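Trainee: sequence first, then the predicted structure:
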Amino acid sequence: MIPLTLAEVATAVDGRLVAADPDVRVTGSVEFDSRKVNAGGIFVAFPGEKVDGHDFAEGAVEAGVVAVLGTREVPGVPMVLVDDARDAMGRLARAVVDRLPQLTVVGLTGSSGKTTTKDLIAQLTARLGATVAPPGSFNNELGHPYTALKAGPETRYLVMEKGARGIGHVRYLCELVPPRISVVLNVGTSHIGGFGSQANIALAKGELVEALPADGLAVLNADDRLVAAMASRTD
């Protein structure tokens, strides 16, 4: 992540600092697994059904994080308090991406082949400049900002896989990390139970090209009529 002060982090996530020095700079990574935290980073504490990340806040500070992003105070722990930790993580990712004008974001979606294609694209862009891409199929509301927060001043390409369980999901991910290049592979019938129809799947996948700027680039599979038809949904 790019270096930010805790004051800047709090502003980005619409949070409140508690027992934290606003001038301290974040120089490490943002992690939600307390086993992966590092010196200078931030630990995001998610409340879960069986495990509450706040219970690991003290240990994260002992491991070197400068603050914990969470939803309730932990005595003696420097905190960035927010209403929703996942939403705050997404806001922070957007703030980081907005501060990296040299970054080209490649977003891709499809009913099948997303992860393999993401890996292929990342291997190609890595020949052109420093590239960040998610591990495996880390393509949801948590994996998306987590991956984007790995980008730094040296990063030139951010290759993002976008999954969807319903209409509006891809649009939301694009709001977190706006694409410059959008790739739509295919429209199949996976998860059709949640979408209701293949037409709705196409509607959801096409949100990726709708998110492009006027000078963006849409790469559409001409062999898939539902994908090819998305050309009308972007300039």
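Mentor: Perfect, thanks for sending it. Computed from a predicted structure; not experimentally measured.
Trainee: ranges for the helices of the chain?
Mentor: Using DSSP state H, the helices found in the chain span residues 6-13, 57-62, 85-98, 114-125, 143-148, 169-176, 192-195, 198-205, 207-210, 225-228.
Trainee: how about a markdown table for these, with mean pLDDT and distance to residue 41 added?
Mentor: All C-beta spots, glycine's among them, are computed from the backbone N, C-alpha and C. Output for the helices of the chain, formatted as a markdown table (pLDDT from 0 to 100; distance: least, CB to CB, whole Å):
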| stretch | mean pLDDT | distance to residue 41 |
| --- | --- | --- |
| helix 6-13 | 98 | 11 |
| helix 57-62 | 97 | 9 |
| helix 85-98 | 97 | 12 |
| helix 114-125 | 96 | 23 |
| helix 143-148 | 95 | 12 |
| helix 169-176 | 96 | 20 |
| helix 192-195 | 71 | 35 |
| helix 198-205 | 92 | 34 |
| helix 207-210 | 98 | 30 |
| helix 225-228 | 96 | 39 |
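Trainee: okay, those helices in a markdown table with distance to residue 108 next?
Mentor: Formatted as a markdown table, those follow (distance: least, CB to CB, whole Å):
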| stretch | distance to residue 108 |
| --- | --- |
| helix 6-13 | 26 |
| helix 57-62 | 33 |
| helix 85-98 | 17 |
| helix 114-125 | 6 |
| helix 143-148 | 12 |
| helix 169-176 | 11 |
| helix 192-195 | 19 |
| helix 198-205 | 10 |
| helix 207-210 | 8 |
| helix 225-228 | 12 |
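Trainee: and those helices: which comes nearest residue 217?
Mentor: helix 207-210 (9.7 Å; CB to CB).
Trainee: can I get that closest one in PDB? Just the C-alpha atoms.
Mentor: Extracted in PDB, the C-alpha atoms of helix 207-210 (Å, rounded to 0.1, in the frame of the first residue of the first chain):
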ATOM      1  CA  GLU A 207     -21.800  -3.800 -15.600                       C
ATOM      2  CA  LEU A 208     -18.000  -4.200 -16.200                       C
ATOM      3  CA  VAL A 209     -18.000  -2.400 -19.500                       C
ATOM      4  CA  GLU A 210     -20.500   0.200 -18.300                       C
END
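Trainee: next, the buried residues of it.
Mentor: 207, 208, 209 (16 or more other CB atoms under 10 Å).
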